[in-house]
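[1] Build me a model:
(one chain, ligands or ions: 1)
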Amino acid sequence: MLSTCHDSNINGIERFISGVSLFMSKPIHWLVVTDLDASLLDESYCWSAALPAVQRLRNLGIPLILNSSKTLSEMTELATALGTMTPVVSENGGLISVHKDSGLMDPNHVLVRSGNYLTEVNGLSRDFIIGLAHALREEQGYQFQGFSDWSIEQVSDRTGLSHSMARCSLSRHATEPIVWEDSPERYNAFADSLAKAGIRVLRGGRFLHLMGEVDKADGLVCARALYEKVQPKVDWKIIAVGDSANDLAMLEAADIALVIPHADGPHILPKAPRVVYASTPATKGWNDTILTLLTELS
Ligand SMILES: [Mg+2]
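    Presented below is the predicted three-dimensional model:
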């Protein structure tokens, strides 16, 4: 009898706490944080197949945040074409930028002003990274080439970018993409030497990216923090979208990880609270799966 009474009291307390929690819970708003190459963009760097989902996000007031190894110059052109004024994370989390009219960043904290964007820099400078990588190449005879070795025309040939986009791609502050042309064993020794100086090597779709101890997950966290600061009474949840190993940390920091497969299937298996695999590659897979998720979540 005593036991029943006790259980009854506990149940009552639990119901009360549950009710208070329900009353105090924040409204959920979603952010979509997306990789570009082979996710939002197809192999021709085109995003037109994603237009329906981009418009749906805009209609729902869900910010679309671009998070890529690309440079700020490349990404702000795309953001303008997409019609977004949302944060841009460039150079693999090395830079986070907001539109000057967004009200998301304190201008006093800004380190770089470029066009309509205010930028904070994370990680190491590109000059430091290139200085050490080239010194190792000279000392050890490592065979690799990077963006700093190439002209605009060579970057264009290597990437398929137009000359104007190649110029934007060369305008870097925190990362250096390279192509390794030496043995795997010597790569390991090279990477170890870089690591001792705090430089990490991330494998992207086309290049190895030499950079400081930040990644796309740091970009995601910074972007969410910007929104939490201006709207603290909202529970900001994130759908992250990516296709390659370079996106794993970002996907695993999200509430929903959306994996875009390549033509021969998905290349990554992130561990996130929820993982969704698009049924087709970029850009159609991005569009179709975002639309499906928005229907489910709204
Ligand atoms: Mg990609």
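[2] make it CA atoms for all contacts and neighbour counts henceforth
    Noted.
[3] Do you know the pLDDT at the residue in the stretch 101-250 of the chain positioned nearest to the ion?
    In the stretch 101-250 of the chain, the residue that lies nearest the ion is Asp243 (5.0 Å; Cα to the ion). Note for Asp243: predicted pLDDT of 96.
[4] Is it correct that it is in contact with Ser39?
    Yes: between Asp243 and Ser39 there is a contact under Cα atoms under 8 Å: 6.1 Å.
[5] Find the residues that touch each one of the two.
    Residues touching both Asp243 and Ser39 by Cα atoms under 8 Å, 6 or more residues apart in numbering: Ile260.
[6] What residue in this protein comes nearest to the ion?
    Using Cα to the ion, the single residue of the chain nearest to the ion is Asp37, 4.0 Å away.
[7] in whichever strand or helix holds Lys229, what counts as buried?
    Per DSSP states H and E: Lys229 is located in helix 216-230. For helix 216-230, the neighbour count (16 or more other Cα atoms under 10 Å) marks 216-220, 222-224, 226-227 as buried.
[8] May I see the domains of the protein written out as residue ranges?
    Domain ranges of the chain: 28-122+215-297, 126-211, per automatic domain parsing.
[9] ok, and which of those has the densest surroundings?
    The highest mean neighbour count among those, using mean count of other Cα atoms under 10 Å, belongs to domain 28-122+215-297: a mean of 20.
[10] Can you give the distance of it from its chain's centre?
    Offset of domain 28-122+215-297 from its chain centre (Cα atoms, centre = their mean, to the nearest Å): 6 Å.
[11] okay, how far is it across that domain, tip to tip?
    End-to-end span of domain 28-122+215-297 (Cα to Cα, to the nearest Å): 10 Å.
[12] so does stretch 87-94 get close to the ion?
    No: against the ion, stretch 87-94 shows no contacts by Cα under 5 Å from the ion, the least distance being 11.1 Å.
[13] which residues are contacting that stretch?
    Outside stretch 87-94, the residues that touch it by Cα under 8 Å, 6+ apart are 65-72, 75-76, 79, 95-99, 121-124, 172-175, 211-212, 214-220, 223.
[14] can you check stretch 286-294 too?
    39-40, 49-54, 56, 241, 260, 278.
[15] Tell me, what's the model's pLDDT at Ser148?
    96.
[16] tell me which element Ser156 falls in.
    Element membership of Ser156, judged by DSSP H and E, is helix 152-159.
[17] who touches Asn188 in this structure?
    Applying Cα under 8 Å, 6+ apart, no residues contact Asn188.
[18] Next SSE downstream of the helix or strand encompassing it?
    Using DSSP H and E, Asn188 sits in helix 184-196. Counting by DSSP H and E, the element after helix 184-196 in chain order, helix or strand, is strand 200-203.
[19] so how far is that next one from its chain's centroid?
    Distance, centroid of strand 200-203 to centroid of chain: 15 Å (Cα atoms, centre = their mean).
[20] Not counting its own residues, what contacts it?
    Residues contacting strand 200-203 (Cα under 8 Å, 6+ apart): 191, 194, 208-213, 245-246.
[21] Strand partners (parallel or antiparallel) of that strand?
    Next to strand 200-203 in the sheet, as set by DSSP bridges, lie strand 208-211 (antiparallel).
[22] that older thread, which members of the contacts of stretch 87-94 are positioned in helices?
    Using DSSP state H, the members of the contacts of stretch 87-94 that fall within helices are 72, 75-76, 79, 216-220, 223.
[23] So which of those reach the ion?
    Among these, the ion is touched by none when using Cα under 5 Å from the ion.
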